[in-house]
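In: Quick one, fold the following:
(one chain, ligands or ions: 2)
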Amino acid sequence: MKTNSNTKTEITFEDFKTEILNDYKLAVTSRECSLLGRREVLTGKAKFGIFGDGKEIPQIAWAKAFENGDFRSGYYRDQTFMMAIGELTIQQFFAGLYGNTDLKDEPMSAGRQMGGHFTTHSLDENGHWKNLTQQKNSSADISPTAGQMPRLLGLAQASKIYRNVEGIDTTNFSKEGNEIAWGTIGNASTSEGLFFETINAAGVLQVPMVISVWDDEYGISVHARHQTTKENISEILKGFQRDKNNKGYEIFRVNGWNYPELIDTYQRAAQVSRKEHIPVMIHVQELTQPQGHSTSGSHERYKNQERLDWETEYDCNTQMRQWVIDNNIATDDELIALEREIKKTVRDGKKAAWNAFIKPIISERSEALNLLDKLASSSPNGVFIKKLKNDLTEMEVPLRRDILSATRKALRYVVSEESSEKITLQNWINNYIETIQPKYSSHLHSTSNLNAINQSEVLPTYDSDSQDVDGRVVLRENFDAIFNNYPEALIFGEDAGYIGDVNQGLEGLQEKYGELRVSDTGIREATIIGQGIGMAMRGLRPIAEIQYLDYVMYALQIMSDDLATLHYRTKGRQKAPLIIRTRGHRLEGIWHSGSQMGGILNLIRGIHVLVPRNMTKAAGFYNTLLESDEPALVVECLNGYRLKEKLPNNIGEFRTPLGIVETVREGDDMTLVSYGSTLRLVEQAAKELQVVGIDVEIIDVQSLLPFDLNHDIVKSIVKTNRVMVIDEDVEGGASAYILNEVLNKQNAFQYLDSQPKTLAAKSHRPAYGTDGDYFSKPSTEDIFEAVYEIMHELSPADFPRLR
Ligand SMILES: Cc1ncc(C[n+]2csc(CCOP(=O)(O)OP(=O)(O)O)c2C)c(N)n1
Ligand SMILES: [Mg+2]
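Out: Ligands and ions are numbered 1, 2, ... in the order given. Got it, this is the predicted structure:
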């Protein structure tokens with residue numbers, strides 16, 4: 001059940017009729033899915049439903065213009081489009097609604113996302129690229145409104161890169177950059193900053209992006225008068241329209257119930273965008289929501305009768321039906337028969353989806369019931385276990401939670417008994433958790449051989465007369481090697497192009513590699529990241545530069561919601577190995593010296609977080625990451641670009657491994673754990689402590705996510721029996737994260753002779769200037785005294801009180 005996208009060849013009137021009827025069938029099928037879907041939620045078989053009813057016809061028109069290689073970046077209303085391109089069946093629609101965890105049944109997310117969040121598979125089961133030019137592609141949806149916009153920009157930009165940059169292997173990704181990235185967004189979601197940021201950036205970049213606004217005048221209950229100036233998004237975006245003298249957009253307006261006009265509009269939009277690489281906006285007006293926003297409420301609460309009547313009359317399916325009859329394509333009776341047939345087909349698909357969902361769970365329950373029965377017969381507490389068993393038996397729709405809850409509770413009744421039945425149940429529960437848990441938790445990271453932690457270390461090597469150079473020179477030489485070795489690598493950000501970044505780490509590289517590979521961007525952090533996500537999803541190796549760590553905040557939402565979840569939410573069928581480069585720590589003032597690492601660590605699980613202490617380490621991380629297929633954030637030390645480092649002779653080749661700590665100083669009295677810029681202060685404090693007879697060991701974490709995979713920190717604590725974590729985040733931030741890793745995961749508590757400590761910055765933002773830094777963040781004196789204090793408690797005679 002697909003729409004015919006071949007609108008170019010000559011066809012007979014019979015073929016024409018067949019195609020139109022096929023489209024109508026598709027619209028009715030999709031609607032029937034929405035109607036039945038809502039019922040499934042209201043009767044308790046599914047938890048939540050959000051559907052594409054009222055938006056069917058424009059999506060069919062869109063699908064006719066959508067070609068192999070193209071990408072969609074849309075939202076939860078696009079089920080009809082997914083059906084029309086042949087990527088969503090009725091059964092899969094319901095599998096998504098039920099949350100079937102088998103990717104074969106539910107290819108969108110294996111039950112991880114609620115229904116209505118669509119995906120196609122860019123990767124095979126081994127995590128390797130499929131040929132994206134031979135399939136129709138949909139980037140994986142996310143729920144946050146307008147969150148699809150930043151990535152859309154990158155998906156479109158990739159076509160521009162593939163068309164204009166030479167030397168890239170395009171086999172799996174592009175045919176001369178002819179691919180369009182198609183976006184969809186609800187009218188209300190255009191109020192989001194991400195929408196406007198993306199629209200402006202696409203106009204500047206002139207990329208093949210076609211964005212459709214599905215305008216039903218509402219965003220849940222809130223009418224357009226509260227959302228959009230003049231209540232009309234295409235009206236207010238008129239200034240983006242291109243003209244004779246200025247590049248810009250083509251903007252179309254069309255009513256969403258007008259089938260022939262929609263088809264014509266989408267064909268024209270595709271032509272101009274694909275050929276000329278022009279961004280296009282299609283404002284699809286007069287759409288409806290026959291069932292209201294979602295299953296959480298009813299729209300009768302906020303739409304008046306007049307509006308509801310209008311929605312009934314202008315329902316796009318109803319309008320198309322009338323058009324079909326008026327144009328003698330089919331009679332009312334023929335359509336009635338067709339509609340009846342579709343109802344049955346959808347019911348059958350729904351049933352099949354339900355069976356596929358519930359069957360394995362029923363069989364898992366049977367196993368559990370059997371074991372509970374046996375346990376009950378063998379235990380003096382059998383009557384209680386029987387009750388658990390009976391409750392589980394009677395559940396009409398048992399879930400895995402119910403199975404585990406009953407069996408785990410049963411064990412409590414036999415805790416002091418010994419029986420083979422008990423052992424069998426214990427083993428069964430353990431095995432069950434082991435097999436079922438991954439259905440919900442796997443694929444946060446790459447499972448392919450390109451996983452970043454599989455990339456082994458290559459040490460930097462040096463000529464005997466190697467020069468001391470500014471740290472930024474090591475980086476620049478290394479980026480030069482990267483752009484030389486990887487034609488698909490590119491870097492972009494504020495000031496990253498012409499001047500070669502604010503610290504000259506890219507000096508001269510734009511001249512050498514061109515403006516498309518080493519580029520300046522507007523000040524728009526969220527879409528800088530989105531650009532990177534989209535390009536990485538299409539096989540390029542973008543390095544997105546966020547000028548300072550403090551401004552990662554602007555992009556943190558999209559990093560967290562989109563990039564960090566991508567591999568997980570597609571169960572490994574899409575990836576975006578984007579490298580985010582930034583610099584931070586210890587410059588001057590509230591917004592140039594922040595170190596919000598704890599917040600970042602909590603929000604972007606799924607992205608590696610690397611904090612190299614110098615530029616050689618940083619360069620090594622870039623080299624490692626380019627050999628891997630995972631996203632990462634690299635935070636360079638802002639005050640390290642002018643510090644001298646030796647220039648390695650294997651530039652571009654040495655690799656810093658992920659998740660490996662480095663002991664930078666050996667000592668017996670205490671283990672000091674730190675990272676980034678603070679590490680230099682810790683090293684200085686260590687020298688001063690040595691003078692008073694305190695010999696500390698210093699460990700550079702280097703990689704916060706993943707963290708100390710070999711558990712080397714606890715090995716140090718076994719020797720020193722004391723630990724302190726020092727950083728410049730606020731208390732309870734990254735230092736607490738590190739301490740948790742060391743105490744709870746590495747079980748270091750058993751080796752400690754004194755209280756484990758953290759030394760962090762003050763809770764306020766760092767004040768301006770040298771004194772601002774001194775009174776806001778740990779200084780060498782603070783570190784010295786904190787360590788000394790512990791030694792004083794241990795041995796006041798040897799270490800008398802300082803103050
Ligand atoms: C950032 C964010 N805020 C709020 C929500 C909750 N929410 C989901 S859909 C929606 C309304 C969207 O309306 P519109 O963009 O017009 O799309 P429609 O549902 O009407 O097609 C809201 C507020 C969300 N998902 N994300
Ligand atoms: Mg709306």
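
In: Count the neighbours of Asp348 for me.
Out: Using other CB atoms under 10 Å, Asp348 has 12 other residues around it. Just so you know, the C-beta spots here come from the backbone N, C-alpha and C atoms, and that holds for glycine as well.

In: list the contacts for Asn137?
Out: Shown here is Asn137, whose contacts under the criterion CB atoms under 8 Å, 6 or more residues apart in numbering are Gly69, Asp70, Phe71, Arg72, Thr120, Ser122.

In: at 10 Å instead, please
Out: 66, 68-73, 85, 87, 119-122, 130, 155, 179, 181-182, 537-538, 574 (CB atoms under 10 Å, 6 or more residues apart in numbering).

In: so how far is stretch 318-329 off the chain centroid?
Out: 43 Å (CA atoms, centre = their mean, to the nearest Å).

In: Dump the C-alpha coordinates for that stretch into CSV.
Out: What follows is the C-alpha trace of stretch 318-329 in CSV, where atoms were taken according to Å, rounded to 0.1, in the frame of the first residue of the first chain:
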residue,chain,number,x,y,z
THR,A,318,-14.3,14.0,3.0
GLN,A,319,-13.3,16.7,0.5
MET,A,320,-11.2,14.3,-1.5
ARG,A,321,-14.1,11.8,-1.5
GLN,A,322,-16.4,14.4,-2.9
TRP,A,323,-13.8,15.4,-5.5
VAL,A,324,-13.5,11.8,-6.6
ILE,A,325,-17.3,11.6,-7.1
ASP,A,326,-17.6,15.0,-8.8
ASN,A,327,-14.9,14.0,-11.3
ASN,A,328,-16.5,10.7,-12.1
ILE,A,329,-13.6,8.7,-10.8
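
In: quick one on the thing from earlier: let's see which of the contacts of Asn137 end up in helices.
Out: Among these, the members falling in helices are Leu155, Met537 (criterion: DSSP state H).

In: Pull out the buried members of the contacts of Asn137.
Out: Under a neighbour-count criterion of 16 or more other CB atoms under 10 Å, the subset of the contacts of Asn137 counted as buried comprises 66, 68-73, 85, 87, 119-122, 155, 179, 181-182, 537-538, 574.

In: if you look at these, which of them are in strands?
Out: Phe71, Arg72, Ser73, Ala181, Trp182 (DSSP state E).

In: who does the lengthiest strand in the chain touch, helix- and strand-wise?
Out: In the chain, assigned by DSSP E, the strand with the most residues is strand 723-730. The criterion is 3 or more CB pairs under 10 Å, 6 or more residues apart in numbering; DSSP states H and E, and the helices and strands that strand 723-730 contacts are helix 597-603, strand 670-674, helix 678-691, strand 696-700, helix 712-720, helix 734-740, strand 757-761, helix 780-794.

In: Against which helices or strands is the longest one packed?
Out: Right, helix 780-794. Packed next to helix 780-794, using 3+ CB pairs under 10 Å, 6+ apart, are strand 670-674, helix 678-691, strand 696-700, strand 723-730, strand 757-761, helix 769-776.

In: Could you list the buried residues of that helix?
Out: In terms of neighbour count (16+ other CB under 10 Å), helix 780-794 has its buried residues at Thr780, Asp782, Ile783, Phe784, Ala786, Val787, Tyr788, Ile790, Met791, His792.

In: Those residues: which two are farthest apart?
Out: Put simply, by CB to CB the two of the buried residues of helix 780-794 set farthest apart are Thr780 and His792, 17.8 Å from each other.

In: ok, for the residue in the stretch 251-400 of the chain that ligand 1 sits nearest to, nearest residue in space, not its chain neighbours?
Out: With CB to the nearest ligand atom as the measure, the residue in the stretch 251-400 of the chain that lies nearest ligand 1 is His293; the distance is 5.6 Å. Sequence neighbours aside, Ile220 is the residue nearest to His293 in space, at 4.7 Å (criterion: CB to CB, 6 or more residues apart in numbering).

In: what does Thr265 give?
Out: By the measure of CB to CB, 6+ apart, the closest residue to Thr265 outside its immediate chain neighbours is Val254, 4.5 Å from it.

In: Verify the assumption that that neighbour is located in a strand.
Out: Yes: going by DSSP: H, G, I helix; E, B strand; the rest coil, the assignment for Val254 places it inside a strand.

In: residues in contact with it?
Out: When the contact criterion is CB under 10 Å, 6+ apart, the partners of Val254 are 58, 61, 212, 261-266, 269, 282-286.

In: Considering the buried residues of helix 780-794, which is situated nearest to Thr393?
Out: Here the nearest of these to Thr393, counting by CB to CB, is Ile790; it sits at 59.4 Å.

In: wait, what's in contact with the closest one?
Out: Residues near Ile790 by CB under 10 Å, 6+ apart: Asp669, Met670, Ile694, Arg722, Val723, Met724, Asp753, Ser754, Gln755, Lys757, Phe799.

In: cutoff 7 Å now
Out: The contact partners of Ile790, by CB atoms under 7 Å, 6 or more residues apart in numbering, come to Met670, Arg722, Ser754, Lys757.

In: Let me see the ranges of the strands in the stretch 401-550 of the chain.
Out: Counting by DSSP state E, counting those that start in this stretch, the stretch 401-550 of the chain has these strands, from start to end: 468-470, 489-493, 518-520, 541-546.

In: Please enumerate residues in contact with stretch 691-702?
Out: Counting by CB under 7 Å, 6+ apart, 610-613, 617, 660-675, 679, 682-683, 686, 689, 708, 713, 716, 720, 738, 787-788, 791 sit against stretch 691-702.

In: Could you rerun that using 8 Å?
Out: Outside of stretch 691-702, the residues within contact range by CB under 8 Å, 6+ apart are 610-613, 617, 656, 660-675, 679, 682-683, 686, 689, 707-708, 712-713, 716, 719-720, 738, 787-788, 791, 798-799.

In: Output the below-cut-off pLDDT ranges for the stretch 151-300 of the chain.
Out: Within the stretch 151-300 of the chain, the set of residues satisfying pLDDT under 70 is empty.

In: can you pull out the strands in it?
Out: With DSSP E, counting those that start in this stretch as the criterion, the stretch 151-300 of the chain has strands spanning 181-186, 209-214, 218-219, 222-223, 250-255, 280-285.

In: is the second one anywhere near ligand 2?
Out: Read it as strand 209-214. No: using CB under 5 Å from the ion, no contact is recorded between strand 209-214 and ligand 2, whose separation bottoms out at 6.6 Å.

In: What is that strand packed up against?
Out: Using 3 or more CB pairs under 8 Å, 6 or more residues apart in numbering; DSSP states H and E as the contact test, the elements touching strand 209-214 are helix 56-65, helix 149-164, strand 181-186, helix 193-205, helix 259-276, strand 280-285.

In: Does ligand 2 have contacts with the fourth one?
Out: No: using CB under 5 Å from the ion as the criterion, no contacts between helix 193-205 and ligand 2 are found, and the smallest distance is 12.9 Å.
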